[in-house]
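Trainee: what follows is a predicted protein model with its sequence.
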Amino acid sequence: MNNEPITHHPSPITGFYTLFYKEWLRFWKVKVQTVLAPVLTALLFLVVFSYSLRGHVEVFAGVDYASFLVPGLAMMSVLQNAFANGSSSLMQSKMTGNIVFVLLPPFSHEEFFAAYLLAAVGRGLVVGAGVLLATVWFVELRLEHPLWALAFALLGSGVMGALGVIAGIHSDKIDQLAAFQNFIILPLTFLSGVFYSLHALPPFWQGLSHLNPIFYMIDGFRYGFFGQSDVSPWVSLVIVSASFFALSLATLWLIRSGYKLRH
């Protein structure tokens, strides 16, 4: 008779799913704050800017300014909320000390990263879909290339989700994370073409906008709706994909090194 003890090995899928589910519930339990509030903010932007700037800002030919605004506002909401999810979760876990309960289980580095990343992408997409559903009653919106829109929504939220994990790992206090949001994320999103077409800017500002990676996310996503964009959607796709790949590698390196997590 074999008296050797039975060893149970944790399933990688179970470990990943548990952490992902925890992160999903973390924002969904307070959906009024994490989902409905950003949707309301986007609606206020739409009302204010569509009435104050209509006829004063040059946009795509045959596209009403209010319709032009909606994809930009939806994508801006996707990006900001994808960043906020991972960054706030990790920072709060470190402040309260319960990060140890995430680090102790035998998760691989890839599982750890994927769970936080996909939860951030999920929150971003839920908020973006909410913005589109809320605004479709007020503006006429067409979707000419849905696969392009979906690709940029996934890649853009992935970029900001990875950046949010990096910010959450680096930040030890609320003011550190707030500085990251207020001095990096907020200016880049507001100066990315959400409220205007790049061709309406003077040459100097056009050139400066090309250095902003979020511009390519907004422009590519808007191409999926109108079939028009300020730069080729293929160029935007390459830049956004490269940004996602680079940030993912950087995030995995930070997680493996234990930077501000294990030390």
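Mentor: Yep, it's here.
Trainee: may I have the lowest-mean-pLDDT helix or strand in the chain exported as CSV, CA atoms only?
Mentor: Sorting the helices and strands of the chain by mean pLDDT, DSSP states H and E puts helix 100-103 at the bottom, at a mean of 82. C-alpha atoms of helix 100-103 as CSV (Å, rounded to 0.1, in the frame of the first residue of the first chain):
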residue,chain,number,x,y,z
VAL,A,100,1.5,40.4,1.4
PHE,A,101,-1.6,38.2,0.9
VAL,A,102,-1.1,38.7,-2.9
LEU,A,103,2.6,38.0,-2.8
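Trainee: that one: which residues count as buried?
Mentor: Buried residues in helix 100-103, counted by 16 or more other CB atoms under 10 Å: residue 102. Heads up, the C-betas are built off the backbone N, CA and C, glycines and all.
Trainee: which helix or strand lies directly C-terminal to that helix?
Mentor: Following helix 100-103 in sequence order, the next helix or strand is helix 109-135 (DSSP states H and E).
Trainee: pLDDT of the very next helix or strand once past that next one, averaged?
Mentor: Later in the chain than helix 109-135, the nearest helix or strand by DSSP H and E is helix 146-170. For helix 146-170, mean pLDDT is 96.
Trainee: just stretch 60-67 next, same as before
Mentor: 85.
Trainee: please point out which parts of it sit buried.
Mentor: In terms of neighbour count (16+ other CB under 10 Å), stretch 60-67 has its buried residues at 60, 63, 65, 66, 67.
Trainee: give me the residues contacting it.
Mentor: Under the criterion CB atoms under 8 Å, 6 or more residues apart in numbering, residues 46, 50, 53-55, 57, 59, 68, 138-141, 197, 226, 228 lie in contact with stretch 60-67.
Trainee: which of these fall within helices?
Mentor: Within the contacts of stretch 60-67, residues falling in helices by DSSP state H are 46, 50, 53, 68, 226.
Trainee: adding distance to residue 21, write the buried residues of stretch 60-67 out as a markdown table.
Mentor: Formatted as a markdown table, the buried residues of stretch 60-67 follow (distance: CB to CB, whole Å):
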| residue | distance to residue 21 |
| --- | --- |
| 60 | 41 |
| 63 | 41 |
| 65 | 41 |
| 66 | 38 |
| 67 | 37 |
